[in-house]
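Novice: sharing a sequence plus its predicted fold:
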Amino acid sequence: MGQPPRAVIIPFGVPPEGRGLGLGLAALVHGAVQPEGASIGLAQLMAKKNETRREGESQKAAPVETFLPPPAWKDLVARGDTPPDVTVVITGAFEPPTAGSGILQLLAFDAKDGHTRARVDAHLDEDGAGSTLLQAFDELLKNIGCAPTLPRGIGDLGWEALESVLRAERCVLHDAARGGPHDRLAAMMHLGRAVEEAPGSQFAAGRLAAVAIEAAASARSDHAMASAALRTLTRAMQDAPSQVDLLEACAALQVRHGHASEAETCARAALDLDPSRGRLYALLSEACRSRGDHAGAIAALDRGTDVASDDVVLLTEKGVVLASVGEEGKARELWKRVVAKDPIYPPAYANLSAAAMRDEDPTDAQLLVDRVLAARAAQGDVIRQAIALALAKEPVGVARAARLVRLSKSIVERVPNDAWAILALAQALAQLGERAESIARYRSVLDLAPATALAAQAARGKLAVEEPQATLEIDASLRAAAQAPKSDLERVAVRARRLADRHEAWPAWLAASMAERRLEHWAAARDAAERALAIAPGCTLAHVELVAIAVAENDAACAMKHAERVRELEGETGRSLGALATAYLAAGQLVEARIMAERSLAMDPKDGAAVILAARVRAALEAKPSFFDRMKGWFAKK
């Protein structure tokens, strides 16, 4: 998986009016530099909750931007608040040239003894800010054993465009509480401004194109986000019509929106500017394929092969075309050819992962996980897919846990505050018997992502490590609440409440709620579910229980509120879509209920609950009177 980070970068100190710029600059360096074959870790030091805030400022903990001298780092080490195996710390401070002096100070010191490894002082001016910044970091990084790998395009930017880029980098940085980037919408806005300020900058245009595609393709993205990405690209194309990256990204998003003709127009315009770019032929193929023109798709791929025969994008798209006409075996062979060339190319890896998930034989899944473990620098999304494959396809045991530890640590080393990866790491450590470290990781998740589904899982996992016997009793209560005969449910509910009071555990309150609901004691069931949420506000299972209880009490608005909360917490999953279908059904919105039920069933056709729900919705639609039946009834009453 590569080496652990040898260096860590602290978000740079900035004046109050420049807040966010120090974190954005640190994120830019973190994402680009690889010292001695390993990435630079980004330390997001969070402000203490009891720190005094200025009036009107958010009370949420925010990353600290500061110049951190060696003694302060030593204090952090003593408290155990630093990542392991760090040898070099990079810190600094700067003032924007428009509102301050433009001074830039960079310092790299030894993490153990505080000895200065490199120091650079520079002055940023409005016109040459990017060039000065690039030169300063090149000098600093060279002195600590890093290649000067910051994007060269930064050197072309004046301060106005550079400021927008730095603010965008802060916005795309991972936010543990959100389970993803801090604010992709704001990032696109800032990068759009950077393109407006520097229309000739290939870096600004390329960065906007990448962020827009990531925003639209994210698992948590919705139609509004994808539309915003497309609007931002369209405006940027007006400011910089000769930037091929913008046209390519626009074509990609038009395809995702189902606008095949617009996508084809953008792809052909981009090919007029750069006919040697193989990816554009793949996009043209995708546009043709989306309107059912498989012959046109193959023709586009053939043209692309003439200019880039081994292009992994073209080969991946050709595999998709083959899979769409039922040739999945040939498609897999092409994708395997891609990963043989580039073991962790994300689109091909994602296609093979999806295919491996459907297989009964776990061999391909295990080989895909092996590829990521052997890679030096896999992307975060690829590592997450490998973790999902390992969890789904590998047998539970020490061997799988050891592999999961390596995979999850590779994410945590790059993004120390990634709560999802820390949770996966904590669960794997628990299986390995690393009790103390597992508990510490669970606590980190609770601190980093309170009131989230991750925190609810962390609380349950932490209890299992700290009190295994109590966890066994609570799990038994959950099973009994779901499966016991009705005559035993009173006893089950009493037992679950006793366990909940004794251990302050949300799973025990959930068991009590389930038992009371099956007894049709609606008030008691609701009270128990709400107590579970008081302990773990991100517990999706408790919200699902409250959907069922609200439906039984004919409170469609309450059911919808909790169903929407399930979707907010875990995205569009079979469970969240099922909860929404149930709420829509209770509200009499049968068309919406059908859409959600069918989408839930499509995610897992073998899910018995989803099958039953879809059947209930279909039955309700068939029983709904037609317009003419309603009119006949109205006249009969008159």
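Specialist: That came in fine, so what should we check first? Treat the numbers as computed from the prediction; the structure is a model and nothing was measured.
Novice: residues contacting the nearest residue to Glu553 once chain neighbours are set aside?
Specialist: Nearest residue to Glu553, sequence neighbours excluded (CB to CB, 6 or more residues apart in numbering): Trp522, at 5.4 Å. Every residue, glycine included, has its C-beta placed from N, CA and C. Trp522 is in contact with 516, 549, 552-553, counting by CB atoms under 8 Å, 6 or more residues apart in numbering.
Novice: can you tell me which of these is closest to Glu214?
Specialist: Comparing those against Glu214 with CB to CB places Ile549 closest, at 38.5 Å.
Novice: Three-state assignment for the closest one, please.
Specialist: Put simply, Ile549 is helix when judged by DSSP: H, G, I helix; E, B strand; the rest coil.
Novice: just to revisit the earlier point, which of the contacts of Trp522 count as buried?
Specialist: Among the contacts of Trp522, those buried by neighbour count (16 or more other CB atoms under 10 Å) are 516, 549.
Novice: mark which of the contacts of Trp522 are part of strands, please.
Specialist: Per DSSP state E, strands hold no members of the contacts of Trp522.
Novice: pLDDT of stretch 406-413, averaged?
Specialist: For stretch 406-413, the mean pLDDT works out to 89.
Novice: would you mark the buried spots in it?
Specialist: Buried residues in stretch 406-413, defined by neighbour count with 16+ other CB under 10 Å: 407-413.
Novice: those residues into CSV, with extra columns for distance to Arg19 and secondary structure?
Specialist: Shown next, in CSV, are the buried residues of stretch 406-413 (distance: CB to CB, whole Å; DSSP: H, G, I helix; E, B strand; the rest coil):
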residue, distance to Arg19, secondary structure
Leu407, 34, helix
Ser408, 31, helix
Lys409, 31, helix
Ser410, 31, helix
Ile411, 27, helix
Val412, 26, helix
Glu413, 27, helix
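Novice: let's have these in CSV, adding distance to Gly206.
Specialist: Below are the buried residues of stretch 406-413 laid out as CSV (distance: CB to CB, whole Å):
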residue, distance to Gly206
Leu407, 29
Ser408, 30
Lys409, 31
Ser410, 26
Ile411, 25
Val412, 28
Glu413, 27
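Novice: which one of the residues you listed is nearest Asp138?
Specialist: Glu413 (24.5 Å).
Novice: for the buried residues of stretch 406-413, which one is nearest Ala505?
Specialist: Ala505 has its nearest neighbour among the buried residues of stretch 406-413 in Ser408, at 24.8 Å by CB to CB.
Novice: quick one: residues contacting that closest one.
Specialist: By CB under 8 Å, 6+ apart, the contact list for Ser408 reads 387, 421-422, 424-425, 428.
Novice: and those, which two are furthest apart?
Specialist: Ile387 and Ile422 (12.2 Å).
Novice: neighbour count: these two, which is higher?
Specialist: Each of Ile387 and Ile422 has its neighbours counted (other CB atoms under 10 Å); Ile422 has more, 28 against 23.
Novice: inside strands: which ones of the contacts of Ser408?
Specialist: Using DSSP E, no member of the contacts of Ser408 sits in strands.
Novice: can I get the residues you listed in CSV including distance to Leu166 and pLDDT?
Specialist: As requested, these are exported to CSV (distance: CB to CB, whole Å; pLDDT from 0 to 100):
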residue, distance to Leu166, pLDDT
Ile387, 31, 93
Ala421, 25, 92
Ile422, 27, 94
Ala424, 31, 94
Leu425, 30, 95
Ala428, 36, 95
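Novice: relative to Met188, which of those residues is nearest.
Specialist: Checking the contacts of Ser408 against Met188 by CB to CB gives Ala421 as the nearest, at 25.2 Å.
Novice: thinking again about what came up before, same list (the contacts of Ser408) but as a markdown table, adding distance to Gly158.
Specialist: Below are the contacts of Ser408 laid out as a markdown table (distance: CB to CB, whole Å):
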| residue | distance to Gly158 |
| --- | --- |
| Ile387 | 42 |
| Ala421 | 37 |
| Ile422 | 39 |
| Ala424 | 43 |
| Leu425 | 42 |
| Ala428 | 47 |
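Novice: my read: Trp506 touches Ala542, true?
Specialist: Yes: at 6.9 Å, Trp506 counts as touching Ala542 under the criterion of CB atoms under 8 Å.
Novice: now do the shared contacts for these two.
Specialist: 532-533, 536.
Novice: nearest to Arg119 among these?
Specialist: Distances from Arg119 to the shared contacts of Trp506 and Ala542, taken by CB to CB, are shortest for Ala536, at 47.3 Å.
Novice: residues contacting Arg400?
Specialist: 390, 394, 431.
Novice: any idea how far it is from Ser438?
Specialist: As for Arg400, its distance to Ser438 is 15 Å (criterion: CB to CB, to the nearest Å).
Novice: low pLDDT regions in this protein?
Specialist: By pLDDT under 70, the weakly predicted segments of the chain are 1-5, 33-39, 46-62, 83-84, 148, 174-181, 218-222, 624-638.
Novice: show me what counts as buried in the helix or strand that contains Arg526.
Specialist: For Arg526, the enclosing helix or strand under DSSP states H and E is helix 522-535. Within helix 522-535, the residues scored as buried using 16+ other CB under 10 Å are 522, 524-529, 531-533, 535.
Novice: just the CA coordinates for that helix, please, in PDB.
Specialist: Output in PDB follows, covering the C-alpha atoms of helix 522-535 (Å, rounded to 0.1, in the frame of the first residue of the first chain):
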ATOM      1  CA  TRP A 522     -47.400   2.900  19.800                       C
ATOM      2  CA  ALA A 523     -46.600   5.500  22.400                       C
ATOM      3  CA  ALA A 524     -44.200   3.200  24.200                       C
ATOM      4  CA  ALA A 525     -42.600   2.200  20.900                       C
ATOM      5  CA  ARG A 526     -42.200   5.800  19.900                       C
ATOM      6  CA  ASP A 527     -40.700   6.700  23.300                       C
ATOM      7  CA  ALA A 528     -38.100   3.900  23.100                       C
ATOM      8  CA  ALA A 529     -37.100   4.900  19.500                       C
ATOM      9  CA  GLU A 530     -36.700   8.500  20.500                       C
ATOM     10  CA  ARG A 531     -34.500   7.500  23.500                       C
ATOM     11  CA  ALA A 532     -32.300   5.600  21.000                       C
ATOM     12  CA  LEU A 533     -32.000   8.800  19.000                       C
ATOM     13  CA  ALA A 534     -31.200  10.800  22.100                       C
ATOM     14  CA  ILE A 535     -28.100   8.600  22.500                       C
END
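Novice: sweet, I'm off.
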